[in-house]
Structures are given as C-alpha cells and as structure tokens.
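> Structure here, sequence nowhere to be found:
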C-alpha cells in the first residue's frame, strides 16, 4: 500500500509520519518539497502530484491555522483550507484513493453547553471556521471514500503550544490571567495520528466506515483549568515558578479581544468515532501529562 501525506511539517503531520509508516510505503510532503509539488497556495499543482504518486490513501494535514491572521487574508485562508483540499479530493476520486482530512470545532457557533454531534447545524464565527467548513464540504462532495476528523485544541511537544507559553509566563510573572469561559478538551497530535492510522486500516477493511467523525481527547476543561493543571504538574516536577497554580486568575473571553471570534463551547461528542472504530479516547489530562514529562 502507498500513502501520501501532505503537510508533514505541522504538529499533526509530524506525528503522522510516525503512525502511518507501518501501514505501507509513505510519501511525506510539505509546501517546500522539491520532488513533488505540495504547496497548498498553488492548488493547480496538487492534482498533478496526486496523479504522479498514485497513492492508495491520501492524508491531508496541511491547513491555514493562524486563526486571527485569517481574518485579514480571507482569500489566502480559503485557498489553503478549502480550494486546495477540494482539488486533492477530486484527484483522489479520480484514482480511487481514500482521503483523510482534518477539520475543526470552529465550524460551529460555540453556543450551548452540550457536546456537538457530527450532524448538528454548523455556524462558523470566523474566516478560519468558514473556510474549514467549506473545505470539509468539498472533500465530502468530490471524494466518495473519505474520512474527515473534526478536532480541537491541538497541541504537541514539538513546537509552540499553550502549556509552554503558560510555563514561560509563570516563570516571569507573579500572576497570570487566563480565559475561563471557553470549554474544550486539549487533544494531542500523537493521539490524532494514532486514531488516524487505526481508522485507515479499519476503513480499508470495511468501506462502510467512511464519513465525518469528531476526534478529541476525553473530558473537558477551560483554558484556565488547563493552565492550572500545567502549573500543578510543573510544581510536582520541581520546576521553579514565580506564579503557581493558585496565582492563575480566571477571566472572561472579553478580557482578551482578538480579530477572530472564538467559540465558547468547543465540546465535541466522540461517541460515533469510538463506537465505529472500537476506540477509547483517553482523558485529556493523560496526554498533557505525558507531553509535560517530555518537555519539563
């Protein structure tokens, strides 16, 4: 089996290089690859790459993820998040490949307190959310054999993340203020990558498993709760902090105005994924604790 990974340099893409390798021959590309074109800002070249590689499975981890920046460059965000995935999906359909694509909780309006299900009405609040919604719709429309995973609050040990920012600020400041009215589940890139590999194998064995799924870690918290957990773990590990967990002050979203509006409710119902693929999605604390043990 041959697999084509697009966006290998991102947080999820980096972990996918590990999780997909045992499934078959892996061709992993990024926007600056020279052997094949995989720059999502040049969608006209993507179909040619797919047709030349002729993979059995395409996994697209490329995206415009700078949520606030997308507000000032909507056409560029649309090209990366919608137009290019649509082009890849058309090429995938042409060669009969299974296409895997990632979307986001930002396709919803963030209202209520109930976890969102796959069939719930969407209502993105931002350019990022609307372009990601268009992207998943184009993938589903153009490629019959698809797996689309909506996820949220993604982090990895590699690169920057919320936990690293909190640790740095807690060493510099006596007090931290963190948002406490946005609810979600921090989800590790490695968990997403492992779920993806498992789902690909299962779907190739049983094609009826194609479709849209929510994929996040178990449980829920707020950014405030997330920050306190990180600092508690750091203290237990002997890290010297000026601001410990009790020095974290909860504030509303309005305390930190941003160009893009954030959803308050990023809870996603993962029962469909867990039932279909026979998976257990561990509590968010397990993944964050493991990541912290890597970086502390």
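Yep, that arrived. Everything numeric here is computed off the predicted structure, so don't read it as measured data.

> now the nearest residue to residue 79 once chain neighbours are set aside: how far from residue 95?
Nearest residue to residue 79 in three dimensions, chain neighbours excluded: residue 41, at 6.0 Å (Cβ to Cβ, 6 or more residues apart in numbering). Placement of C-beta: from N, CA and C, glycine included. From residue 41 across to residue 95, the span is 23 Å (Cβ to Cβ, to the nearest Å).

> Now do the contacts for residue 163.
Residues in contact with residue 163, defined by Cβ atoms under 8 Å, 6 or more residues apart in numbering, are 155, 226, 230, 288, 291, 292, 295.

> Let me see the contact set for the fifth one.
The reference is to residue 291. Counting by Cβ under 8 Å, 6+ apart, residue 291 touches 155, 156, 157, 161, 163, 188.

> redo that, cut-off 6 Å
Contacts for residue 291 (Cβ atoms under 6 Å, 6 or more residues apart in numbering) come out as residue 157.

> Kindly report the same for the second one.
Taking Cβ under 6 Å, 6+ apart as the criterion, residue 226 is in contact with residue 186.

> one more time with 10 Å
Shown in contact with residue 226 (Cβ atoms under 10 Å, 6 or more residues apart in numbering): 153, 155, 162-163, 166, 178-179, 182, 184-186, 248, 284-285, 288.

> out of the residues you listed, which are inside strands?
If you go by DSSP state E, the contacts of residue 226 have 155, 178, 179, 184, 248 in strands.

> Format the residues you listed as JSON lines; extra columns: pLDDT, neighbour count and distance to residue 37.
Output for the ones in strands among the contacts of residue 226, formatted as JSON lines (pLDDT from 0 to 100; neighbours: other Cβ atoms under 10 Å; distance: Cβ to Cβ, whole Å):
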{"residue": "155", "pLDDT": "97", "neighbour count": "22", "distance to residue 37": "30"}
{"residue": "178", "pLDDT": "98", "neighbour count": "20", "distance to residue 37": "41"}
{"residue": "179", "pLDDT": "98", "neighbour count": "19", "distance to residue 37": "40"}
{"residue": "184", "pLDDT": "98", "neighbour count": "27", "distance to residue 37": "35"}
{"residue": "248", "pLDDT": "98", "neighbour count": "24", "distance to residue 37": "46"}
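
> ok, the residues you listed vs residue 270, which is closest?
Closest approach to residue 270 among the ones in strands among the contacts of residue 226 (Cβ to Cβ): residue 184, at 12.3 Å.

> all strands of the protein, in order?
Using DSSP E, strands in the chain cover 2-6, 25-29, 57-60, 98-104, 146-151, 154-155, 176-179, 183-184, 187-188, 211-214, 221-222, 248-251.

> in the second one, what counts as buried?
Of the residues in strand 25-29, those buried by neighbour count under the rule 16 or more other Cβ atoms under 10 Å are 26, 27, 28, 29.

> could you dump the strands of the chain to CSV with distance to residue 199?
Output for the strands of the chain, formatted as CSV (distance: least, Cβ to Cβ, whole Å):
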stretch, distance to residue 199
strand 2-6, 13
strand 25-29, 16
strand 57-60, 10
strand 98-104, 8
strand 146-151, 6
strand 154-155, 17
strand 176-179, 32
strand 183-184, 21
strand 187-188, 15
strand 211-214, 8
strand 221-222, 25
strand 248-251, 36
